[in-house]
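Chemist: coords below, sequence missing:
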């Protein structure tokens, strides 16, 4: 199996993702993602937590979500680039910040969540799945999983 690579802005943290192909991603337009990124949305890849191997100085920040689950954020301890997070409500998965992949310019955005919070100037493609708020987890998994077995990331 080939490995995808990525890392933080300053290069102190590097990682590999054990997948054959680039993962499909989703964009989150919630206010938290807008604030955290300083942009209109965040682009993320939902991956099995066993797929990621990280090296370098990682700083951990935990917060309790409105649902009561714990979101554990991991970022570079030097430049504070957010790399990935896990959520106690979704065991076995992690959320990679897609822009940290070395090949981020090749990513496919397969879904948009929290579109009721998206910036009004941003137009979404008609052929991409959208949810007004958070997507039901099983539905998001289904959209992100590919019909091509070589690209299947959730099996």
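Modeler: Right, received. Where do you want to start? Only a predicted model underlies this, so the values are computations on that prediction, with no experimental measurement involved. Residues are numbered from 1 along each chain as shown.
Chemist: which ones are touching residue 94?
Modeler: 46-49, 51-52, 84-86 (Cβ atoms under 8 Å, 6 or more residues apart in numbering). Placement of C-beta: from N, CA and C, glycine included.
Chemist: now do 6 Å
Modeler: 47, 49, 84, 86 (Cβ atoms under 6 Å, 6 or more residues apart in numbering).
Chemist: ditto for residue 133
Modeler: So residue 133 contacts residue 114 (Cβ under 6 Å, 6+ apart).
Chemist: Could you look up the SS state of it?
Modeler: coil (DSSP: H, G, I helix; E, B strand; the rest coil).
Chemist: ok, the contacts of residue 94 vs residue 119, which is closest?
Modeler: Distance to residue 119 across the contacts of residue 94 (Cβ to Cβ) is lowest for residue 84, with 24.6 Å.
Chemist: Make sure that closest one is actually in contact with residue 93.
Modeler: No - using Cβ atoms under 6 Å, residue 84 is not in contact with residue 93; the gap is 10.4 Å.
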